[in-house]
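[1] I'd like to go over a predicted model; first the sequence, then the structure.
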Amino acid sequence: MKQEIRNWSRIYFEAIKIRQNSEMISLHLRNWITYLLSFFCVFLFFPAVAPAMEINAKSAVLMDADSGRVLYEKNPHMRLPQASTTKITSGIIALEKGNLEDKVVISKYAAETGGSAIWLETGEVLTLEDLIYAMLLNSANDATVAVAEHIAGSEKDFVEMMNSLAKDVGAVDTHYVNPHGLHDKNHYSSAYDLALLGRYAMKNPQFEKIVATQKRIIPWAGHEWNRMLTNKNAFIQNPELYPGADGIKNGFTTPAGYCLVASATRDGMRLIAVVMDCPVATEEVKKLFDYGFNNFDRTLLLSQGEVVKKVTLENKQELGLIAAEPLYAALRLEEANEVQMEITVPENIPLPLRKGTIYGKAIYKVDGEVVGMVNLLASQDYEKPSFLSSLWSLVVNVLAYLAPA
């Protein structure tokens, strides 16, 4: 009987141990499940914050070409020598002011220009188009001076045109002394200004075509062979270096170091990257492009012709103000619902007015930062009311006021 009691006692305590062990295992299992769920929730709903990007350059900017929004900056307004990135401004002025089929006679002054050259000879004749290609592909200083003289009559007058254009696009930290970029202490720009100028130039289809060209053959009178022009921009020389890269201009002098203004386009979004005094310009620009394309998307804020605001005119008619052009901006995913629009329109719009006249701006902001703006245009013509029409309106208004309620 005692033995049976001991056996049952042993079975009872073994059962208790098994139950305790089972509960312990269950507790550990629950803890592990909790940890796993927490881990997945963190990564699913709270994406990892990317570490701060460091660019090995004295100055750098990444800009959205659509809106002009700056996506990355490092000393963006520091005034630095810019070397041959100067030729971005020279090239766009030549394309805007010149006739590509013009014949240009090379002066002695142009032929003797130092630095990078295609060995122009005094009296040689080339088309303006060939000289612009030589300027933007080979970075030829002699071709640049020849273009400047042809467009403005003198290098000095051409430089004045360059400074005027810089001012017009908002490049306030830029000053030119020559059209090619050979060093001068009074010849400088900034990464932000170069991005503005590059963005402006790339809107010109001919400029865009030239800076994306790998090679071009142009004549060389008196020689058995032609000149072979080769684009010095590494992204254009080797398209596999960064798929989507499509321009624009590099430069180097000892005081300036390596400078590069580059463009790349993916899924319709064009980015302009600039590095100044950068020992590894190509690699740093690739980092800038990766950052832009990986973190921002091209977002349509306004369609061209879309009515943004309606205002009442002095004749009591309603005027629709429409977007002058489509407005896209590079936005982070989480910014899409944070965009706010501000509209600036004068209190009184006088008549008459003409369709297409600018009467305001729509400004888009995210957390106070401007991410894009567009001009607002009159959607139709409105004439000033005649004397009789105005008098009749006055009579109608007076009678309405005097009429019994």
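    Received it, and whenever you're ready, just let me know what you need. On a predicted model such as this, the values are computed, not experimentally measured, just so you know. Numbers count the residues shown, from 1 in each chain.
[2] okay, now the unreliable bits of the chain?
    Filtered on pLDDT under 70, the chain yields the residue ranges 1-52, 384-401, 404-405.
[3] can you list the domain ranges for it.
    The chain is divided into the following domains under automatic domain parsing: 1-48, 59-295, 301-378.
[4] looking at the ones you listed, which is buried most?
    domain 59-295 (a mean of 20; mean count of other C-beta atoms under 10 Å). (C-beta placed from N, C-alpha, C; glycine too.)
[5] how distant is that one from the center of its chain?
    Once both centres are worked out by C-alpha atoms, centre = their mean, to the nearest Å, domain 59-295 turns out to sit 16 Å from its chain's centre.
[6] could you shift the numbering so residue one becomes 646, and keep it that way?
    With the count now opening at 646, the last piece we talked about shows up as domain 704-940.
[7] rewinding a little: tabulate the domains of the chain (TSV), appending distance to residue 1048.
    What follows is the domains of the chain, written out as TSV (distance: least, C-beta to C-beta, whole Å):
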stretch	distance to residue 1048
domain 646-693	65
domain 704-940	53
domain 946-1023	18
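[8] tell me which of those domains sits nearest to residue 1047.
    domain 946-1023 (19.2 Å; C-beta to C-beta).
[9] partners of residue 748 in the sheet?
    Beta bridges link residue 748 to residue 772, judged by DSSP bridges.
[10] mind telling me what element residue 933 is part of?
    helix 926-940 (DSSP states H and E).
[11] which residues does that helix contact?
    695, 698, 700-702, 705, 707, 709, 716-717, 879-880, 886-887, 889-890, 895, 903-905, 907, 909, 911, 914, 916, 918, 920, 923, 975, 977 (C-beta atoms under 8 Å, 6 or more residues apart in numbering).
[12] gap between the next helix or strand after it and the chain center?
    Scanning forward in sequence from helix 926-940 by DSSP H and E, the next helix or strand is strand 942-947. Offset of strand 942-947 from its chain centre (C-alpha atoms, centre = their mean): 14 Å.
[13] show residues contacting strand 942-947.
    711, 912-914, 953, 968, 971-978, 981, 984, 1007, 1009, 1017, 1019.
[14] can we see that at 10 Å?
    With C-beta atoms under 10 Å, 6 or more residues apart in numbering as the test, strand 942-947 has contacts from 709-712, 910-915, 953, 967-978, 980-981, 984, 986, 1007, 1009, 1016-1019, 1021.
[15] stretch 818-830: end-to-end distance?
    14 Å (C-alpha to C-alpha, to the nearest Å).
[16] can you name the residues that contact the closest residue to residue 857 other than its chain neighbours?
    In space, residue 857 comes closest to residue 891 once its chain neighbours are excluded; the distance is 4.8 Å by C-beta to C-beta, 6 or more residues apart in numbering. By C-beta under 10 Å, 6+ apart, the residues touching residue 891 are 847, 853-854, 856-857, 878, 880-881, 884, 907-910, 915.
[17] just those: which are in helices?
    When these are checked against helices (DSSP state H), the matches are 853-854, 856, 880-881.
[18] what's the closest of these to residue 798?
    Proximity of those to residue 798 (C-beta to C-beta) peaks at residue 856, which lies at 26.2 Å.
[19] ok, the closest one - contacts?
    By C-beta under 10 Å, 6+ apart, the contact list for residue 856 reads 732-733, 736, 778, 781-782, 843, 846-847, 876, 878, 881, 891-894, 906-908.
[20] helix or strand for residue 965, which one?
    strand 963-968.
[21] elements contacting that strand?
    strand 942-947, strand 952-957, strand 1003-1011, strand 1014-1023 (3 or more C-beta pairs under 10 Å, 6 or more residues apart in numbering; DSSP states H and E).
[22] do that again at 6 Å, thanks
    Strand 963-968 is packed against strand 952-957, strand 1014-1023, with contacts defined by 3 or more C-beta pairs under 6 Å, 6 or more residues apart in numbering; DSSP states H and E.
[23] from residue 799, how far off is the spatially closest residue to residue 1027 that is not a sequence neighbour?
    In space, and not counting its chain neighbours, residue 1027 is closest to residue 998: 5.0 Å by C-beta to C-beta, 6+ apart. For residue 998, the distance to residue 799 (C-beta to C-beta, to the nearest Å) stands at 43 Å.
[24] mind listing the strands for the stretch 746-895 of the chain?
    Secondary structure of the stretch 746-895 of the chain, counting by DSSP state E, counting those that start in this stretch: strands at 748-750, 770-772, 860-863, 872-875, 890-898.
[25] with distance to residue 945 added, can I get these in a markdown table?
    Output for the strands of the stretch 746-895 of the chain, formatted as a markdown table (distance: least, C-beta to C-beta, whole Å):
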| stretch | distance to residue 945 |
| --- | --- |
| strand 748-750 | 43 |
| strand 770-772 | 40 |
| strand 860-863 | 36 |
| strand 872-875 | 38 |
| strand 890-898 | 22 |
